[in-house]
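Chemist: Build me a model:
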Amino acid sequence: MFKKAKVADQTATGQGTDRPQEEKSYKKRAGIKKRSKVPGVMITQWTEDLPHGRSTPDFIRKPIALTIQEGKLALFKAVVSGNPKPDLTWKRAKGDMSDKDKFQQRYDESTGEYTLVIPKVSSEDADTYKCFAHNEYGKAVCTAILNVIEVGYKKSKAFLEDSDIDPAGFRKMLRKRHEKFGRAGKA
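Modeler: Numbers count the residues shown, from 1 in each chain. Below you'll find the predicted structure:
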């Protein structure tokens, strides 16, 4: 059912090398790459054979890519399985997540759902977010992209404030251009 491949690189190809402190104990073990039932999830198993009733982490539901308007709330949700119960951590590809007010990590005991909440997203929050589930038998990694749509009014207002365009001079330039090229825009 699972396709196995030996892994020399403990970071699971393309998944980055910076790990949370609690993952460092797994760093020195040999890994076996496994395919998840969920597309886009990379599983690395630390031992050749798993004890009866034990399993590597896997995602039952992985976070999905989001496109959110600036100033709105972004929610990444994930549900993981594994025995023993995996720990879950979130990371950004290009940014810092140390601000606990900006990046709120939650867990709902009743549903088993892990959530990363980003209230009032800004264009600086647009990034690739990685979700790591790990236990003593392995780890599972998946990614989700956050795209942020900038509000047009703010963008054009900032452009006008930053530019040195005199509105009266701009209208005068347009009138001259109109007289020179005529209505059809031809010389």
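
Chemist: Need the single longest helix in this protein, by residues.
Modeler: Taking DSSP state H as the criterion, the chain has its longest helix at helix 167-181.

Chemist: export it as CSV, just CAs?
Modeler: C-alpha atoms of helix 167-181 as CSV (Å, rounded to 0.1, in the frame of the first residue of the first chain):
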residue,chain,number,x,y,z
PRO,A,167,-3.2,67.5,-10.5
ALA,A,168,-3.5,70.8,-12.4
GLY,A,169,-0.2,70.2,-14.3
PHE,A,170,-1.4,66.7,-15.2
ARG,A,171,-4.6,68.0,-16.6
LYS,A,172,-2.7,70.6,-18.7
MET,A,173,-0.4,67.9,-20.0
LEU,A,174,-3.4,65.8,-21.0
ARG,A,175,-5.0,68.8,-22.8
LYS,A,176,-1.8,69.4,-24.8
ARG,A,177,-1.6,65.7,-25.7
HIS,A,178,-5.2,65.7,-26.8
GLU,A,179,-4.7,68.8,-29.1
LYS,A,180,-1.5,67.3,-30.5
PHE,A,181,-2.9,63.8,-31.2
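
Chemist: Show me what that helix packs onto, helices and strands only.
Modeler: Under the contact definition 3 or more CB pairs under 8 Å, 6 or more residues apart in numbering; DSSP states H and E, helix 167-181 sits against no other helix or strand. To be clear about C-beta, it is placed using only N, CA and C from the backbone, and glycine gets the same treatment.

Chemist: Just the element for K94, please.
Modeler: Element membership for K94, per DSSP states H and E: none, as it lies in no helix or strand.

Chemist: buried sites along the longest strand along the chain?
Modeler: The longest strand of the chain (DSSP state E) is strand 138-149. Neighbour counts using 16 or more other CB atoms under 10 Å place 138-144, 146, 148 of strand 138-149 among the buried residues.
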